[in-house]
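>>> predicted coordinates and the sequence they were generated for:
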Amino acid sequence: MAMCKDVVENIIGYIEAELDDKTLEELERHAGECPECQAFVRTYRRMLELCGKLRERTFVTPQIRRRLKDFLKSQTRSK
Amino acid sequence: MWETGFLRKIISTITGGKDSRESALSTSDEKLIETFINENNESAFEEIVSRYVDKIYGLALRITRNPNDAEEVLQDVFLTLAKKIDTFRGEAKFSSWLYRVTVNASYMHLRAERKHETDISLEDYVPYDENGTLMGRVASKDWSERPDKALFSKEAMEMIEKAVKELPESYRVVFHLRDIEGLSNEEVSEILGLSVAAVKSRLHRGRLFLRDKLSDYFYEWSR
């Protein structure tokens, strides 16, 4: 019989649909009756969604580009 | 193999020049590299530079956690890219090769600056108690139903960045490559020189740590 620990330790397989049918069935039976596991899975999924958004951020400012240009120019001069 | 004209083209790309890059936009990285190496095609190289400026800097910043260090790594990587791109033989995906160059440059930089972190293991990090239950640990801080407007706000994004920064170094880099850059376990394994099992293990523990941190932050935020 599955418990919270099994849901946690199999969460990647669960999210990525890689679990065998028997394991999946046991985890879902437990999670179906466990509000803690339901909250765990919901927040875990939400976390992945939010972290994916970090990909859209850019930190390369025009100043960084300018300094990179100057750096490469200096490398040209040194050759 | 420094050629002034060639470098000028790269500089033009960095500062927003377009030139004749349009035709290269839909081409794969590997094809661009092949074109550059075989034909010394500068437009192909310009497109590679354009595609990877943000990725290189983002990864370097994730590892070093310091904008000045990340910028120096960015410059080192561009230099390596310009000097050694013709040594890329296509055994690996180009992006994997470039990420590996960036990771190595970042670690070298940290070592040179004596800023290398003492890595903390999260291998024993679990959110459940000694009986294997989450009872009283998760549902009371469930933030998953918060509206998108709040969770995707600038303030929330800063909290997520802060939580990711708190991950120990070896977990942070795996998390960045997998969950932020969206690479596969196999690609991350190749870039970092780890087994796929080690990548999966670090990703798992890192995510558990991060989910807990976010729960704490969002819980405190709403009080």
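Nice, thanks for sending it over.
>>> so where do the helices sit in chain B?
Under the criterion DSSP state H, chain B contains helices at B:4-14, B:29-39, B:42-64, B:67-84, B:94-112, B:148-151, B:154-165, B:169-175, B:185-192, B:196-222.
>>> tell me the domain boundaries of chain B?
Domain ranges of chain B: B:4-112, B:139-222, per automatic domain parsing.
>>> all helices for chain A, in order.
Applying DSSP H to chain A gives helices spanning A:4-9, A:11-15, A:21-33, A:35-53, A:62-78.
>>> center of the chain, which residue is that?
Since no chain was named, I'll use chain A. The residue lying closest to the centre of chain A (Cα atoms, centre = their mean) is A:Leu48, at 4.0 Å.
>>> my bad, the chain I had in mind was chain B
Centroid check for chain B by Cα atoms, centre = their mean gives B:Leu59 as the closest residue, at 3.3 Å.
>>> quick check: pLDDT value at that residue.
For B:Leu59, the pLDDT comes out at 96.
>>> isn't it right up against B:Val101?
No - assessed by Cβ atoms under 8 Å, B:Leu59 is found out of contact with B:Val101, at 10.2 Å. C-beta here means a position set from N, CA and C on the backbone, and glycine is covered the same way.
>>> how many neighbours does the closest residue to B:Glu72 other than its chain neighbours have?
Spatial nearest neighbour of B:Glu72, excluding adjacent residues (Cβ to Cβ, 6 or more residues apart in numbering or on different chains): B:His109 at 6.1 Å. Burial of B:His109 is recorded as 20 neighbouring residues (other Cβ atoms under 10 Å in any protein chain shown).
>>> how near is B:Val77 to chain A?
As judged by Cβ to the nearest Cβ, to the nearest Å, B:Val77 and chain A stand 10 Å apart.
>>> again, but for B:Glu220
B:Glu220 sits 15 Å away from chain A, going by Cβ to the nearest Cβ.
>>> swap in B:Lys200?
Distance from B:Lys200 to chain A, counting by Cβ to the nearest Cβ: 7 Å.
>>> count of neighbours near that residue?
Using other Cβ under 10 Å, B:Lys200 is surrounded by 18 other residues.
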